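Chemist: Just the structure for this:
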Amino acid sequence: MPPKKAVEVEAKTEETVRDEVFEPLAIAEGEALDMFTEQALISIAPVGEGELLYETLTTSLDPDIGEKGVDFIPNCAAGRITKFLPMDDNQVTLDIYTTDAGTATWPSTGTGTANKKVATGAFGLFQTEDTAQPVSYTITSLYRQKVRLTILWTDAASLTMGAALGALTTSQNGLRISFAGGYVTKIKPAFDPSSDGLKFTLTVKFPAMNKAGTGGLCLVESNGGTASLTALAPFTTTTMFR
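Modeler: Residues are numbered from 1 along each chain as shown. As a prediction, the model looks like this:
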């Protein structure tokens, strides 16, 4: 069967899901845990816009942080000289289950409830925003939409769906990986062989560094259940994470 929660999310109204409570793990908040399982909360923000909210299973999510490669060059003394290679790009793939092509009208930038919206598709991120139903996307090679993607795994007993970029308290364990300044490079529709349900596999690529080479574009953070985890700021042309 396809991920049950993901299918249920797409079948409900945005207003219902925005305030719905999810329970990622069946353990008490703040208890010691060995690993995160089942759900991961996903948020994708187009630059200068609000957050589009997705939910997926951890098993369908593949964040690949670029390799920081090295070569070892032999010298005449039979030794080796270390040569650092440029870091590879970061890439995330994930599956979503939806009956819509895209989300009509993106939320505006900010930190409130009105600045988040349950996503009902992804082709707007691949092409351009459509503001009303029926949504329609003519796919061309010219348009690219810069995005930030945030993933949160947590044992918090209750979360609203927009919590991927939100704050966690000292009684909650959380691990968050955020990538900024990237683009959706591929959306592949396919039937899930385990269920015959239609899924869409998204590929999102991010550079390892900004153009000036002064800042990384991948942020990994956790709180260990002993400290608070600060929320991310809205994604703009000048603010990647905070």
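Chemist: Which secondary structure state is assigned to residue 156?
Modeler: Of the three states, residue 156 takes coil under DSSP: H, G, I helix; E, B strand; the rest coil.
Chemist: pLDDT at it, what is it?
Modeler: Note on residue 156: pLDDT of 74.
Chemist: Distance from stretch 46-64 to the middle of the chain?
Modeler: 3 Å (C-alpha atoms, centre = their mean, to the nearest Å).
Chemist: what do you get for stretch 229-242?
Modeler: 14 Å.
Chemist: Pull out the buried residues from it.
Modeler: By 16 or more other C-beta atoms under 10 Å, the buried positions in stretch 229-242 come out as 229, 232, 234, 235, 240, 241. C-betas here are computed from N, CA, C, even on glycine.
Chemist: Could you check how far the fourth one is from residue 175?
Modeler: Looking back up the chat, that one is residue 235. Per C-beta to C-beta, to the nearest Å, residue 235 is found 20 Å from residue 175.
Chemist: which residues of this structure score low on pLDDT?
Modeler: Across the chain, the ranges flagged by pLDDT under 70 are 1-33, 38, 157-163, 195-196.
Chemist: can you give me the helices in this protein?
Modeler: Using DSSP state H, the helices found in the chain span residues 4-11, 14-18, 123-126.
Chemist: the longest strand in the protein is where?
Modeler: In the chain, assigned by DSSP state E, the strand with the most residues is strand 174-191.
Chemist: Quick check: buried residues in that strand?
Modeler: By 16+ other C-beta under 10 Å, the buried positions in strand 174-191 come out as 174, 175, 176, 177, 178, 179, 180, 181, 182, 184, 187.
Chemist: hang on, the earlier thing: mind putting the buried residues of stretch 229-242 in TSV, distance to residue 219 included?
Modeler: TSV is the format used below for these (distance: C-beta to C-beta, whole Å):
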residue	distance to residue 219
229	11
232	8
234	15
235	12
240	8
241	5
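Chemist: could you check the distance from residue 165 over to residue 174?
Modeler: 11 Å.
Chemist: Find residues that contact each of the two.
Modeler: Common contacts of residue 165 and residue 174, defined by C-beta atoms under 8 Å, 6 or more residues apart in numbering, comprise residue 152.
Chemist: Strands of this protein, start to end?
Modeler: Under the criterion DSSP E, the chain contains strands at 39-46, 51-57, 61-64, 70-74, 80-84, 90-96, 116-118, 146-154, 174-191, 198-206, 218-222.
Chemist: by contact count, what packs against the last one?
Modeler: In terms of contacts (3 or more C-beta pairs under 8 Å, 6 or more residues apart in numbering; DSSP states H and E), strand 218-222 is packed against strand 174-191.
Chemist: Who does the strand it packs on pair with, and is each partner parallel or antiparallel?
Modeler: Each strand that pairs with strand 174-191, with its direction, by DSSP bridges: strand 146-154 (antiparallel), strand 198-206 (antiparallel), strand 218-222 (antiparallel).
Chemist: Pick the most buried one from those.
Modeler: Mean neighbours per residue, mean count of other C-beta atoms under 10 Å, is largest over the strands paired with strand 174-191 for strand 146-154, with a mean of 23.
Chemist: can you give me the offset of it from its chain's centre?
Modeler: 3 Å.
Chemist: could you give the angle of that strand to strand 39-46?
Modeler: Counting by axes from the mean of the first three to the mean of the last three C-alpha atoms, to 10 degrees, strand 146-154 points 160 degrees away from the direction of strand 39-46.
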